[in-house]
Structures are given as C-alpha cells and as structure tokens.
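S.K.: Quick one: sequence and predicted model below, then my questions.
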Amino acid sequence: MTSYLDFQRDDFGIYDYVPGIKVDIPCAIRNMPMEVYHGQPCVGPSISSSQLRTIFSKSLKHYWNQSPLNPDREPFQDTEATILGRAAHHLFLGEGDFSKYFVVSKYADFRTNEAKEWKAEQLFKGITVLTAKQVEYIKGMAQSLTEEQIIRDGILNGHVELSMFYPDPDTGIWIKSRPDAVPNDADGADLKCVADVFDDGISRGLGDRGYHQQAALTFEAVKYVFGRQMENFFLVYVEQKRPHSVRIDTIHPEDVGDGILENRAALRLFARALETNDWPGPKNAAGDGGFVRRTNWTRDWAKRRIQQIEQELAQ
C-alpha cells in the first residue's frame, strides 16, 4: 500500500495532498479537500475536534448520528450561518477557486419554479448558492478585517487550513486537527464569524462551542506532528452583520489545559464505543429514573419571584 512516507515533504515537514491515499503516519498535509478531511482519511478510525466536542458536550449518540462511520447517518444540512461562515473562510483565508464552490444567486428569492430549478442545479454540481445579502455581509467583514493591524501583519496567514494527523498514544485512534492558520512556529489562529462580540457573548460562546478544546487539540497535534510546543491560540472574531466589529483574543492557558482533559475524556468514550458498537445518548448521573432538578439560577429566581408576589399581595 502506498504511504505518505513514499512522498517528499517540504522544508517545513509538510506533505502535499495525494488523492486516494490514506494517512498512515503522523503528518501534516496541505490542500486536503474539506470533504476528505471530514470523512475517514486515515487507515483507521479518526476523530476531529468538533466530533470530540460533540461527544463531550452532548453524547455519543449525537456524534454517531452524523458520523462518517455510520452508514445510516443524518445528512448534513446547511444553514444561512454555515454557508456564510464557509464562504467567508474561503475568501478571507486566501483559498483559490471561489467560483468553483460558490455562486451568487441571480434571483431575489426562490419562490418561482425557475429559481428553484436553478438552485437545485447548483447544489447538484456541489456549488453553494449565496444571496446578495450574504455577499454584502462578506464584503463588510472583509473590510473590517483589513482595517486591523494584526490581520495585516499576517495572523491569518502562514500555513492555512493545514490538516494534521497522528495516532493517539493510548487508544491508537487517529486524531485530526485543522486550524484555520498556523502563522508561525509558536501560534495558531482560527477565524470565527459570530453574532455577538461583547465579553459576555464571547465567554458564553467559548464555553458553549468548546473552542478551548479546539485549541487544545491543535496544541497536541503540533506537538506530535512537528515536535514543538505552541504558545498561543488566537481567536479572530468578526461580526457577521454591521458594523462588522473585529476582536482578537487569546485562549487562556488554563482553559487549554482543561481542553486537553476534556478531549481525553471524550476520546476514551469514543474508544469504548468503537469496541462495543454502543452509542448511548445522554443519561442522568443517578441512572434511569433518578431525580432531575432545575438549575440553581432557576430556583433562586423562583424564590425571588415568590417574595415579589408576596410584597404585591401585602399592599
């Protein structure tokens, strides 16, 4: 079987993508198509950051529902947010052949049969349709990003969409990591198109979406593939809608450390599920039939509301 060992790496230790070849050594590969990366590109079962986050924050069943290992998986459904994010990433990170993957709609909406047929033809060809409003948002985000000095200095440049792979030392499962950019030897960066760039929204998003786990996996991948320690993982946020504000944050080292532990826990669950072929949904910690309780915040609010009502009744 042909191996990436049979091909030449460049001076950075990176291989070019070779169609049809399964990854069988720890390596970094450029220009791997996204659909290949999100499939099963390795000689054994592989898992990514987003999949580990799904297992950790939801359940094995939620992962299995859309897993490439599942022959009966639910097809991925695009939303306006995912389409906008994908198109923005393609342009902002300097990937080529935009017109090969995206087209701007020539219809104001898709109510007529003609418009529906045209859109179906594009989707059949694997082309994503963008609305005029989405193009307006993309232009606005691009303008805001270019106004930031740190962007002009190249934080989203360097090795872009680099796919890294390595077998986990404990489980043997192949780990895959694909940050938006590795601008230098010490840092990684990821672009996030978001609705809320204020502190509370960013903090909630960090926890809800597990970006610290993504950073942690990138740290681990760089260590195993390149043999070096990363220092920073930057999140480059840009508002999808006007005024398209930009902010750039660094994930705290403590959160990266927590992310490593969380990824490890999810990976162990995944390894056991592979062995048993059992993909359970979320369970009560006390077991089936155990008590379920409201959150502390909800209980405290209810107590305050009772006091408020009592005060009103006493008037």
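M.R.: That came through, no problem. Numbering: from 1, shown residues only.

S.K.: hang on, Asn263 packs against Leu217?
M.R.: Yes. Contact criterion C-beta atoms under 8 Å: Asn263 and Leu217 qualify, at 5.7 Å. In this view, the C-beta of every residue, glycine as well, is placed from N, C-alpha and C.

S.K.: Need the residues touching each of those two.
M.R.: Ser49, Leu52 (C-beta atoms under 8 Å, 6 or more residues apart in numbering).

S.K.: And those two? Which one has more around it.
M.R.: Leu217 (28 against 25; other C-beta atoms under 10 Å).

S.K.: Helix or strand: which one has that one?
M.R.: Element membership of Leu217, judged by DSSP states H and E, is helix 211-226.

S.K.: could you give the mean pLDDT of that helix?
M.R.: Helix 211-226 shows a mean pLDDT of 97 in the predicted model.

S.K.: Same question for that helix: list its buried residues.
M.R.: 211-222, 224-226 (16 or more other C-beta atoms under 10 Å).

S.K.: CA-only coordinates of that helix, as CSV, when you get a sec.
M.R.: Only the C-alpha atoms of helix 211-226 are listed here, as CSV (Å, rounded to 0.1, in the frame of the first residue of the first chain):
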residue,chain,number,x,y,z
TYR,A,211,-13.2,26.5,21.4
HIS,A,212,-10.7,25.8,24.2
GLN,A,213,-10.9,22.1,23.2
GLN,A,214,-10.2,23.0,19.6
ALA,A,215,-7.1,24.9,20.8
ALA,A,216,-6.0,22.1,23.0
LEU,A,217,-6.2,19.6,20.1
THR,A,218,-4.2,21.9,17.9
PHE,A,219,-1.5,22.2,20.7
GLU,A,220,-1.4,18.4,20.9
ALA,A,221,-1.3,17.9,17.1
VAL,A,222,1.6,20.4,16.7
LYS,A,223,3.5,18.6,19.5
TYR,A,224,3.1,15.1,17.9
VAL,A,225,3.4,16.1,14.3
PHE,A,226,6.1,18.7,14.4
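
S.K.: How far away from the center of its chain is the helix or strand immediately after that helix in the chain?
M.R.: Remark: after helix 211-226, the chain's next helix or strand is strand 232-239, criterion DSSP H and E. Chain-centre distance of strand 232-239: 13 Å, with C-alpha atoms, centre = their mean, to the nearest Å.

S.K.: What of stretch 72-81?
M.R.: The answer for stretch 72-81 is 14 Å, by C-alpha atoms, centre = their mean.

S.K.: who's in contact with that stretch?
M.R.: Taking C-beta under 8 Å, 6+ apart as the rule, stretch 72-81 contacts Trp64, Asn65, Gln66, Ser67, Thr128, Gln134, Cys193, Gln240.

S.K.: I'd like those residues written out as TSV, with distance to Val104 added.
M.R.: TSV is the format used below for the contacts of stretch 72-81 (distance: C-beta to C-beta, whole Å):
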residue	distance to Val104
Trp64	36
Asn65	33
Gln66	29
Ser67	33
Thr128	10
Gln134	8
Cys193	18
Gln240	17
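
S.K.: Could you give me the ChimeraX syntax to select whichever of those residues are buried?
M.R.: To isolate the buried members of these in ChimeraX, using 16+ other C-beta under 10 Å:
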select :64,65,67,128,134,193,240
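
S.K.: Find the pair from the contacts of stretch 72-81 with maximum spatial separation.
M.R.: Maximum pairwise distance in the contacts of stretch 72-81, criterion C-beta to C-beta, is 31.8 Å, between Trp64 and Gln134.

S.K.: what about the strands in the chain?
M.R.: 14-16, 27-30, 46-48, 102-104, 128-130, 159-160, 163-167, 174-177, 181-182, 187-194, 232-239, 246-250 (DSSP state E).

S.K.: That'll do, ta.
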